[in-house]
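**Q** Starting from these lines, generate the structure:
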Amino acid sequence: QVQLVESGGGLVQAGGSLRLSCAATARTISSTAMGWFRQPPGKERDFVAAISWNGGLTSYADSVKGRFTISRDNAKNTVYLQMNTLKPEDTAVYYCAARPYNMAVVTASQYYNYWGQGTQVLVSS
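**A** Residues are numbered from 1 along each chain as shown. Just a heads-up that it's a prediction; the model follows:
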């Protein structure tokens, strides 16, 4: 069982930065693929970024490439999403997800087994 708790969301002006954290409890994430997804108001949840078990492989949605960086610290059981040059269209609830016993990058939401409760990011223009 993996429990995920996101934090770091908030209100920021366009062009600003935020760093989201996803802390896993109840189980180590060292052999777990991790990802970030987001759900804008009134829209479906979409892929944002994913990272392999050791951080060696990453994948990003085209809309965030060059602006967002996913990273992980397995010793702290935490995954991060550094978001720079934020735009109003980045406004969404951001969720982290985990797929245990998977060494690769996982970009499709249906393959993740565990999800956090989400953290709100609001980017003002």
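**Q** Just the C-alphas of stretch 71-89, formatted as CSV.
**A** Extracted C-alpha coordinates of stretch 71-89, given in CSV (Å, rounded to 0.1, in the frame of the first residue of the first chain):
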residue,chain,number,x,y,z
SER,A,71,12.9,14.8,-9.7
ARG,A,72,12.9,12.4,-6.8
ASP,A,73,14.8,11.7,-3.6
ASN,A,74,14.2,8.0,-2.8
ALA,A,75,15.9,8.4,0.6
LYS,A,76,13.2,10.9,1.5
ASN,A,77,10.4,9.0,-0.2
THR,A,78,9.6,12.2,-2.1
VAL,A,79,9.0,13.3,-5.6
TYR,A,80,9.1,16.9,-6.7
LEU,A,81,7.8,19.0,-9.6
GLN,A,82,9.6,22.2,-10.1
MET,A,83,7.4,24.5,-12.1
ASN,A,84,8.9,27.7,-13.7
THR,A,85,7.6,30.4,-16.0
LEU,A,86,4.1,29.5,-14.9
LYS,A,87,1.2,30.4,-17.2
PRO,A,88,-2.5,30.9,-16.4
GLU,A,89,-3.2,27.7,-18.4
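**Q** Contact partners for A92?
**A** 38-41, 120-121 (CB atoms under 8 Å, 6 or more residues apart in numbering). C-beta coordinates here come from the backbone N, C-alpha and C atoms, glycine included.
**Q** Can you spell out which residues form a bridge with it?
**A** V121 (DSSP bridges).
**Q** same deal with T69?
**A** Beta-bridge partners, per DSSP bridges, of T69: Q82.
**Q** Now do F47: how many residues are near it, please.
**A** F47 has 19 neighbours, counted by other CB atoms under 10 Å.
**Q** If you rank the contacts of A92 by neighbours, which is first?
**A** For these, the largest number of neighbours (other CB under 10 Å) sits with R38, at 24 neighbours.
**Q** pretty sure G35 contacts T107?
**A** Yes. Applying CB atoms under 8 Å, one finds G35 in contact with T107, separated by 7.0 Å.
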